[in-house]
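# just need the structure, nothing else, for what follows:
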Amino acid sequence: MDKAPIVVYTDGACSGNPGPGGYGVIMRCGSLERCISAGYACTTNNRMELLAVITALEAVRWDNAEITVRSDSSYVVNAVEKGWLFSWEKKPDFGGKANRDLWMRFLAAYRRHRVRFEWVKGHNGHIENEQCDRMAVAAAAGDNLLTDKEYMDIKQTRL
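Below you'll find the predicted structure:
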């Protein structure tokens, strides 16, 4: 028996870039809904946009799920839908592209499922996108922010 398709809404936010950041995710499968968010002490907006999608894909407990991701992140949507990511992957050191650690994690989760992306215009009244944005902003402003260790390691090597 096939599982119901999953619709995922994501958004990332950062106060400063870099700065405190967070992401928000809404996942729907049939009548079930799950919301996930987390905040980080120092990160970037693109990392939060990408981590939102990764978190959603990793949260699906079965393989080969049919997943539609609706995101306002041109960075994430275009990288996948226009095939840029798959070209970067073939180059030594990922072609020097930023966020290699997260893209590698994304690829592992992405390849477990049947995923397609739909870009939605952000801050345009899209109910789920607005809710994800509120979750991301609240997570970034929250207490007990997590450490984006990979980002901090990269940042330290550039000093």
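
# so where's this protein shaky on pLDDT?
Along the chain, segments meeting pLDDT under 70 span 1-2, 158-159.

# which SSE is the residue lying closest to Met135 once chain neighbours are set aside in?
What sits nearest to Met135 in space, not counting adjacent residues and going by C-beta to C-beta, 6 or more residues apart in numbering, is Gly24, at 2.8 Å. Where you see a C-beta, it was placed from the backbone N, CA and C, and this is true even at glycine. Per DSSP states H and E, Gly24 falls inside strand 19-29.

# neighbours around Glu150, how many?
Look at Glu150: counted by other C-beta atoms under 10 Å, it has 15 neighbours.

# how about Leu51?
25.

# with adjacent residues omitted, what lies nearest to Pro18?
Counting by C-beta to C-beta, 6+ apart, the residue nearest Pro18 is Thr44, at 5.1 Å.

# rewinding a little: can you give the strand pairings for the strand holding Gly24, parallel or anti for each?
Strand 19-29 has its sheet partners listed here by DSSP bridges as strand 6-14 (antiparallel), strand 32-43 (antiparallel).

# go ahead and produce PDB holding the CA coordinates of it.
Taking Å, rounded to 0.1, in the frame of the first residue of the first chain, the C-alpha atoms of strand 19-29 are listed here in PDB:
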ATOM      1  CA  GLY A  19      23.700  36.300  12.800                       C
ATOM      2  CA  PRO A  20      21.100  34.500  14.900                       C
ATOM      3  CA  GLY A  21      18.900  32.400  12.600                       C
ATOM      4  CA  GLY A  22      16.100  29.900  12.500                       C
ATOM      5  CA  TYR A  23      13.900  27.800  10.400                       C
ATOM      6  CA  GLY A  24      10.300  26.800  10.300                       C
ATOM      7  CA  VAL A  25       8.700  23.700   8.700                       C
ATOM      8  CA  ILE A  26       5.100  22.600   8.300                       C
ATOM      9  CA  MET A  27       4.600  19.000   7.100                       C
ATOM     10  CA  ARG A  28       1.300  17.600   6.000                       C
ATOM     11  CA  CYS A  29       0.400  14.000   5.200                       C
END
